[in-house]
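Colleague: sequence first, then the predicted structure, then my questions.
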Amino acid sequence: MSGYKVWIAAARLRTLPLAFASIILGSLLAYSQGSFDIWVFLLSILTTLCYQVLSNYANDYGDGIKGTDADRIGEARATASGLISVTAMRKAVVIFSLLSIAFGTALSFYACRDLGLAYQLAFTLLGLLSTWAAISYTVGDRAYGYSGFGDVFVLLFFGIVGVGGSYYLQTGTWNYSILLPAGSLGFLAMAVLNLNNMRDREGDAKSGKNTLALKLGERGAKAYHFLLVIGAFDLAFLYNRIHPTSNWQNLYFLTLPLLFLNLKKVLKASRPLDYEPLLKQMALSTLFFALLFGLGKAI
């Protein structure tokens, strides 16, 4: 591959639908409450784009220098395969860290312009924490992805911060019930990570990457996957019971066949390669879920 194609491949753009899903859901829920600012939405998307590319580059770098990706299943990683040098990938991590901070700060100051400096600084700090989390998943001696805490951070940043944060930046108000759809999307994002970790558990065991899927074992990880998907639907259903609108609010039920198919294939999976196609399917199902749930509330 030519130079720019290697960098695009390393950015893993196929992970973007999952990252954008939380922003889309939070923004549509805000729209359903009569609040929507297109510039807040666009800045949120740009910031999320930078966070996701940063996370993917940092993951490539961190796993690459630790030898975790040496025998991985699926597409080759740029650092581990030598397509991108360790020095070049480190520089890319620094560049996208700065871009994430820049866009995150611009978003915080613009969206909270009517709320005061304290709120602007608080969301800027949250952006700095998000940047740290994107890097620290695999980089450093205490990378939390190597200790089984990746799932917690996915719930926090793809769910609570992604959905709840974008809702708050659009509306300027907070309702604790927003944690239900935030948790719903967070659970689905955790299911994507769990599929990734189930696929990679053999290589992770060799390299000392002690993910939750590795701790639970194959049967336990499959049961955990079922609980995440079912829990996501339960939280969405509960939110609709608390905030009923019209029958359109059940539009997200159209994702049931996709999620059922995913669960069926997970149950039958017996080899690491069996999980590879399920990752993309689960990520797209999550985006579809976010779109339909949000539109169902906004109509």
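Modeller: Done, it's in. Keep in mind that what you see is a predicted model, and the values were worked out from it rather than measured.
Colleague: and residue 132, how many neighbours does it have?
Modeller: Using other C-beta atoms under 10 Å, residue 132 is surrounded by 11 other residues. All C-beta atoms are positioned from the backbone trio N, CA, C, and that covers glycine.
Colleague: ugh, wrong one, I meant residue 267
Modeller: 10.
Colleague: wait, it sits on residue 223?
Modeller: No - judged on C-beta atoms under 8 Å, residue 267 makes no contact with residue 223 at a distance of 10.1 Å.
Colleague: now residue 171, nearest residue through space, not along the chain?
Modeller: Excluding the flanking residues, the one nearest residue 171 by C-beta to C-beta, 6 or more residues apart in numbering is residue 35, at 4.2 Å.
Colleague: isn't that neighbour right up against residue 170?
Modeller: Yes - applying C-beta under 8 Å as the test, residue 35 and residue 170 come out as touching, 5.1 Å apart.
Colleague: so these two - more neighbours on which side?
Modeller: Remark: of residue 35 and residue 170, residue 170 carries more neighbours, 23 against 16, as counted by other C-beta under 10 Å.
Colleague: check that one and give its pLDDT.
Modeller: For residue 170, the pLDDT comes out at 97.
Colleague: quick check: it touching residue 26?
Modeller: Yes - at 7.1 Å, residue 170 counts as touching residue 26 under the criterion of C-beta under 8 Å.
Colleague: on the three-state scheme, residue 139 is what?
Modeller: Look at residue 139: counting by DSSP: H, G, I helix; E, B strand; the rest coil, its state is coil.
Colleague: contacts only, for it.
Modeller: By C-beta atoms under 8 Å, 6 or more residues apart in numbering, the contact set of residue 139 is 58, 61, 62, 93.
Colleague: of all the residues you listed, which comes closest to residue 164?
Modeller: residue 58 (23.9 Å; C-beta to C-beta).
Colleague: would you map the helices across this structure?
Modeller: According to DSSP state H, the chain carries its helices in the segments 3-11, 16-32, 38-66, 78-81, 86-111, 117-136, 150-154, 166-171, 179-207, 212-242, 256-268, 272-298.
Colleague: shaky segments in the stretch 51-200 of the chain?
Modeller: 68-76 (pLDDT under 70).
Colleague: ok, now with 90
Modeller: Applying pLDDT under 90 to the stretch 51-200 of the chain flags residues 62-83, 138, 140-143, 145-148, 200.
Colleague: pull the most distant pair out of the contacts of residue 139.
Modeller: So, those by C-beta to C-beta: farthest apart are 62 and 93, at 9.0 Å.
Colleague: same question for stretch 101-109: list its buried residues.
Modeller: 101, 103, 104, 105, 106, 107, 108, 109 (16 or more other C-beta atoms under 10 Å).
Colleague: residues in contact with that stretch: which ones?
Modeller: Residues outside stretch 101-109 that contact it (C-beta under 8 Å, 6+ apart) are 40, 43-44, 46-47, 50-51, 119-124, 126-128, 130-131, 169.
Colleague: now do that stretch: distance to the chain's middle.
Modeller: Between the centre of stretch 101-109 and the centre of its chain there are 19 Å (C-alpha atoms, centre = their mean, to the nearest Å).
Colleague: and if you look at stretch 173-181?
Modeller: 19 Å.
Colleague: only alpha carbons, please: show that stretch as PDB.
Modeller: C-alpha atoms of stretch 173-181 as PDB (Å, rounded to 0.1, in the frame of the first residue of the first chain):
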ATOM      1  CA  THR A 173     -30.000  20.900  30.900                       C
ATOM      2  CA  TRP A 174     -29.600  17.500  32.600                       C
ATOM      3  CA  ASN A 175     -32.000  14.800  33.300                       C
ATOM      4  CA  TYR A 176     -30.800  11.600  35.100                       C
ATOM      5  CA  SER A 177     -33.100   9.500  33.000                       C
ATOM      6  CA  ILE A 178     -30.800  10.200  30.000                       C
ATOM      7  CA  LEU A 179     -28.500   7.700  31.600                       C
ATOM      8  CA  LEU A 180     -30.900   5.000  30.400                       C
ATOM      9  CA  PRO A 181     -30.300   5.500  26.600                       C
END
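Colleague: and that stretch, what's buried?
Modeller: Buried residues in stretch 173-181 (16+ other C-beta under 10 Å): 178, 179, 180, 181.
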